[in-house]
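Enquirer: Here is my input, please return the structure:
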Amino acid sequence: MVSHLRRIALPACVLTLAACLLAQTQAKESPKPAKQAQKAIRKETQSQYPLVSEFKSFSANVTGGLANDHDRKIYRSGNLMRVDFEGEYRITDLDTLRMWGINGDQCVMFGKPDVSSFPYSAYHDFKAERSQAQEEETVDGHVCKIETVTLTPTDGRPLVVKMKLSEAKDLDGFPIRIDVDAGPYGKFTSSYTNVSLKPPDPKLFARPAKCDSRSYAVTGKTVKMPPKAVPKNDSAPAKPPQ
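Expert: Below is the predicted model:
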């Protein structure tokens, strides 16, 4: 499990393109919007970003993408995404971007999403604009409409991420191929097969109770958080002054 979990640490920066990749191109970071403004922008982005606002329940096999997966099983139920590995699975919360790696009764929580959740997790810290093309194309036997989604950072930093979504008409517009152009940070494609729009079994997103304990993982190491402070008992005798 540990060797698999290390996979998350290396691309974690890539997953939060606005927060990490751009930090390498500017010596001084632009000021972030106030929390209320951030919430308003994120709510607007959620409504404009089809990978968040649409297809909240599905299962499929993904190939390619940031993780260079091959026929990897992936599921979505609301804000949760699950990715399967041999003897292990991972659950990413698309809202908080936390991820849990689960192997039997073992569980480790990370503060970054699994790389395979991209580009579904890419709406954080971005504004989204959608543009529908007139032409259609055929992908893996599916006639698809073409939509372009353009993401720009909310703090004005100079990055534009463009996504071309090939939306299968016989799958209610599900994007069976997503071509991502992140400018100087590269291009990649995620392809989806065996798509089912039926809600996955809720049990697939279960995790052991220990997942919610006060421990978290950083770059593959589990770090124990200090115990919560115990409230003082007012009835206890006061200590004599020193």
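Enquirer: going forward, measure contacts and count neighbours with C-alpha atoms only.
Expert: Noted.
Enquirer: which helices and strands does the strand or helix carrying T152 pack with?
Expert: Using DSSP states H and E, T152 sits within strand 142-153. Helices and strands touching strand 142-153, as assessed by 3 or more C-alpha pairs under 8 Å, 6 or more residues apart in numbering; DSSP states H and E, comprise strand 126-139, strand 161-168.
Enquirer: Is it possible to get a markdown table of these that adds distance to P208 and mean neighbour count?
Expert: Formatted as a markdown table, the helices and strands packed on strand 142-153 follow (distance: least, C-alpha to C-alpha, whole Å; neighbours: other C-alpha atoms under 10 Å):
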| stretch | distance to P208 | mean neighbour count |
| --- | --- | --- |
| strand 126-139 | 33 | 14 |
| strand 161-168 | 36 | 22 |
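Enquirer: quick one, which of those is nearest to G186?
Expert: strand 161-168 (10.0 Å; C-alpha to C-alpha).
Enquirer: got the angle for that closest one vs strand 126-139?
Expert: 40 degrees (axes from the mean of the first three to the mean of the last three C-alpha atoms, to 10 degrees).
Enquirer: can you pull the pLDDT of the residue nearest to T150 when sequence neighbours are not counted?
Expert: In space, and not counting its chain neighbours, T150 is closest to K162: 4.6 Å by C-alpha to C-alpha, 6 or more residues apart in numbering. K162 carries a pLDDT value of 94.
Enquirer: Please name the residues that touch K162.
Expert: 148-151, 180-182 (C-alpha atoms under 8 Å, 6 or more residues apart in numbering).
Enquirer: Return the member of those nearest to S117.
Expert: Among those, and counting by C-alpha to C-alpha, the member closest to S117 is V180, at 13.8 Å.
Enquirer: If the closest residue in space to that closest one that isn't next to it in sequence is in a bridge, with which residues?
Expert: Distances taken as C-alpha to C-alpha, 6+ apart put M163 closest to V180, at 4.5 Å, once the chain neighbours are dropped. Beta-bridge partners for M163, by DSSP bridges, are V149, V180.
Enquirer: how close does M163 get to N68?
Expert: To N68, M163 is 17 Å away according to C-alpha to C-alpha, to the nearest Å.
Enquirer: Also T96?
Expert: Counting by C-alpha to C-alpha, the gap from T96 to N68 is 24 Å.
Enquirer: Low-confidence ranges, the chain, go.
Expert: Within the chain, the segments meeting pLDDT under 70 span 1-47, 212-242.
Enquirer: 50 instead, please
Expert: Scanning the chain for pLDDT under 50 picks out the ranges 1-30, 214-242.
Enquirer: mind listing the helices for it?
Expert: 2-9, 12-15, 35-48, 50-53 (DSSP state H).
Enquirer: From what I see, the residue nearest to V180 and T148 are in contact.
Expert: Yes - in this structure M163 lies within contact range of T148 using C-alpha atoms under 8 Å: 5.6 Å.
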